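1. no FASTA, just this:
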């Protein structure tokens with residue numbers, strides 16, 4: 001089934017495709033920036049369903065490997081959140097457009113979106129695996145995790161479930177992926193928490209999700225705020241301790257970055273992504 005997803009223009013499709021390609025995990029998804037497509041499996045109540053999203057400046061089209069109206073509706077909702085298609089660019093311009101720091105960036109890229117994740121647990125584990133390594137290494141590590149513990153369906157696989165990784169244990173995760181002992185323990189602890197009911201979704205209690213994530217070993221404020229931006233869709237989330245953000249603002253402390261960011265509420269996350277994009281930073 002083919003579905004056209006409405007959006008409020010403009011939509012910076014090239015930036016979205018570049019970000020998707022930069023984070024594409026082998027075996028989990030395929031991104032073709034030239035064709036403007038991203039393909040992956042989406043888990044549904046009917047099992048894994050292949051989905052290809054075609055992005056252009058004017059539209060997003062989905063080709064869904066199924067025709068159940070309920071399943072297609074669920075996938076459509078998930079993809080809209082994933083690609084930030086609910087954004088009204090005019091609202092961001094109205095709040096940030098007059099700011100001396102980020103206003104020119106918003107004017108240059110009015111259609112920039114904050115890409116989310118098809119699944120919050122996938123996003124959280126991918127973020128943990130990518131800590132303190134290059135983006136290429138993060139993709140390799142996450143691809144190994146998918147290969148070892150994911151659920152294949154055709155030539156792609158679903159990301160491992162929390163229950164699967166919780167049962168695997170940190171030693172098996174470390175050996176399969178090549179992580180440090182500490183990082184493998186963090187992945188396993190995160191999987192246990194999610195298997196025990198932690199929800200990393202836009203509809204969850206954000207304060208409770210933040211609190212439970214911070215209580216896990218190896219997860220600090222930066223990771224929590226990053227996941228708040230991308231997985232919880234908290235558009236006022238703000239990683240004030242981020243070094244790229246501080247360099248872009250020409251400050252040296254989180255306190256000073258926080259003070260500057262007060263002017264960008266309640267959409268501080270968009271200001272951060274504009275600054276990151278202008279710095280050619282792909283977190």
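-> Received it, and whenever you're ready, just let me know what you need. Keep in mind the model is a prediction, meaning the values are calculated, not measured. Residues are numbered from 1 along each chain as shown.
2. so where is this structure shaky, pLDDT-wise?
-> The chain contains residues with pLDDT under 70 at 281-283.
3. for it, what spans make up the helices?
-> Secondary structure of the chain by DSSP state H: the helices cover 13-23, 69-82, 89-96, 103-108, 120-129, 135-149, 162-168, 170-177, 181-195, 206-214, 221-230, 243-249, 254-261, 268-278.
4. Which one, of those, ends up nearest to residue 58?
-> Evaluated with CB to CB, the helices of the chain place helix 13-23 nearest to residue 58, the distance being 8.5 Å. For glycine as for every other residue, the C-beta is placed from the backbone atoms N, C-alpha and C.
5. ok so, going back, between the helices of the chain, which gets nearest to residue 155?
-> For these, proximity to residue 155 was assessed by CB to CB; helix 135-149 is nearest, at 12.5 Å.
6. Pull out the buried residues from that closest one.
-> Neighbour-count burial for helix 135-149 flags 138, 139, 140, 141, 142, 143, 144, 145, 146, 147, 148, 149 (criterion: 16 or more other CB atoms under 10 Å).
7. again with stretch 166-181
-> By 16+ other CB under 10 Å, the buried positions in stretch 166-181 come out as 166, 168, 170, 173, 174, 176, 177, 179.
8. Looking at those residues, which is nearest residue 23?
-> Nearest to residue 23, judged by CB to CB, of the buried residues of stretch 166-181 is residue 177 at 16.8 Å.
9. What separation do you get for the closest one and residue 165?
-> Using CB to CB, to the nearest Å, residue 177 is found at 10 Å from residue 165.
10. and for the two, which residues touch both?
-> Residues touching both residue 177 and residue 165 by CB atoms under 8 Å, 6 or more residues apart in numbering: residue 145.
11. and the closest residue to residue 26 other than its chain neighbours, what does it touch?
-> Spatial nearest neighbour of residue 26, excluding adjacent residues (CB to CB, 6 or more residues apart in numbering): residue 143 at 3.7 Å. Each residue near residue 143 by CB under 8 Å, 6+ apart is listed here: 25, 26, 27, 28.
12. Looking at neighbours, which among those residues is most surrounded?
-> residue 25 (26 neighbours; other CB atoms under 10 Å).
13. My read is that it contacts residue 126, right?
-> Yes. Assessed by CB atoms under 8 Å, residue 25 is found in contact with residue 126 at 7.2 Å.
14. what do these two both touch?
-> residue 142.
15. what's around residue 8, how many residues?
-> Using other CB under 10 Å, the number of residues around residue 8 comes to 13.
16. on that earlier part again, who wins for proximity to residue 50 among the helices of the chain?
-> Using CB to CB, those put helix 69-82 closest to residue 50, at 10.2 Å.
17. Tell me what angle that closest one forms with helix 120-129.
-> Helix 69-82 runs at 30 degrees relative to helix 120-129, counting by axes from the mean of the first three to the mean of the last three CA atoms, to 10 degrees.
18. Next, the angle helix 13-23 makes with helix 69-82.
-> Using the same axes, to 10 degrees: helix 69-82 against helix 13-23 is 90 degrees.
19. and helix 69-82, what does it pack onto?
-> strand 2-5, strand 37-44, strand 47-55, strand 60-64 (3 or more CB pairs under 8 Å, 6 or more residues apart in numbering; DSSP states H and E).
20. For my notes, please list these in TSV and give distance to residue 200 for each entry.
-> Formatted as TSV, the helices and strands packed on helix 69-82 follow (distance: least, CB to CB, whole Å):
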stretch	distance to residue 200
strand 2-5	23
strand 37-44	15
strand 47-55	20
strand 60-64	23
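21. Distance to residue 223 and mean neighbour count added to those, as TSV?
-> Listed next are the helices and strands packed on helix 69-82 as TSV, based on distance: least, CB to CB, whole Å; neighbours: other CB atoms under 10 Å:
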stretch	distance to residue 223	mean neighbour count
strand 2-5	30	13
strand 37-44	23	20
strand 47-55	27	19
strand 60-64	29	18
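22. Excluding chain neighbours, what is closest to residue 2?
-> residue 63 (5.5 Å).
23. Please name the residues that touch the one you found.
-> With contact set as CB under 8 Å, 6+ apart, residue 63 has these partners: 1, 2, 51, 52, 54.
24. TSV for those residues, including distance to residue 267?
-> As requested, these are exported to TSV (distance: CB to CB, whole Å):
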residue	distance to residue 267
1	34
2	33
51	29
52	30
54	28
